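Peer 1: Structure here, sequence nowhere to be found:
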């Protein structure tokens with residue numbers, strides 16, 4: 001277990017809970033942290049622009065032998081991992097997230113108003129099973145949903161990269177962005 005109930009109890013006591021399903025590695029989150037030092041500001045004709053700093057190296061993650069928090073120094077953000085491990089999300093969300101089964105009814109007035117939805121999912125996501133996005137896209141149908149799968153990628157994989165980075169994973173993200181741009185253009189033309 002990434003964190004014990006005793007380690008997160010103070011957050012549970014203030015009435016705010018969270019739910020999760022599965023288990024993630026204790027250092028996975030380190031790769032998803034945005035570091036402002038990774039950017040350099042440059043003056044261009046349109047103003048100041050932030051760009052990827054050449055040669056930037058991400059700080060090292062804690063080693064496998066290093067203790068990850070404990071007692072009072074466990075940050076509130078660790079609740080996600082705790083609830084994920086405890087499989088608490090389904091029960092917490094069932095009253096506010098009925099899923100997308102309603103979308104399988106072609107007469108659904110809600111479906112008629114639903115905007116085109118672009119989903120990007122890593123097929124090696126340990127936090128959210130890829131089937132969640134597959135079922136959502138299938139329920140909404142091809143007119144309302146497009147699913148872009150990034151092979152071998154974990155949860156929030158795009159958060160550790162820049163849009164211009166090379167590689168298949170970011171190619172998937174760029175394809176999804178193009179699809180989103182097209183969907184927005186169509187929606188604007190219809191309005």
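Peer 2: All right, it came through fine. On a predicted model such as this, the values are computed, not experimentally measured, just so you know.

Peer 1: okay, CA-based contacts and neighbour counts for the rest of this
Peer 2: Will do.

Peer 1: buried ones in stretch 137-150?
Peer 2: Within stretch 137-150, the residues that count as buried by 16 or more other C-alpha atoms under 10 Å are 137, 138, 139, 140, 141, 144, 145, 146, 147, 148, 149, 150.

Peer 1: Spatially, and excluding backbone neighbours, which residue is closest to the last one.
Peer 2: Leaving aside its chain neighbours, residue 150 sits nearest to residue 122 (4.6 Å; criterion: C-alpha to C-alpha, 6 or more residues apart in numbering).

Peer 1: I'd say the one you found and residue 149 touch.
Peer 2: Yes. Look at residue 122 against residue 149 with C-alpha atoms under 8 Å: they come within range, at 5.7 Å.

Peer 1: Helices along this protein, start to end?
Peer 2: Read by DSSP state H, the chain holds these helices, from start to end of the chain: 5-13, 28-32, 79-85, 89-93, 109-113, 130-140, 168-190.

Peer 1: winner for burial among these?
Peer 2: Per-stretch averages of neighbours, counted by mean count of other C-alpha atoms under 10 Å, single out helix 79-85 among the helices of the chain, with a mean of 22.

Peer 1: For it, give the mean pLDDT please.
Peer 2: The average of the pLDDT scores along helix 79-85 is 75.

Peer 1: Please name every helix or strand in contact with that helix.
Peer 2: Packed against helix 79-85, as judged by 3 or more C-alpha pairs under 8 Å, 6 or more residues apart in numbering; DSSP states H and E, are the following elements: helix 5-13.
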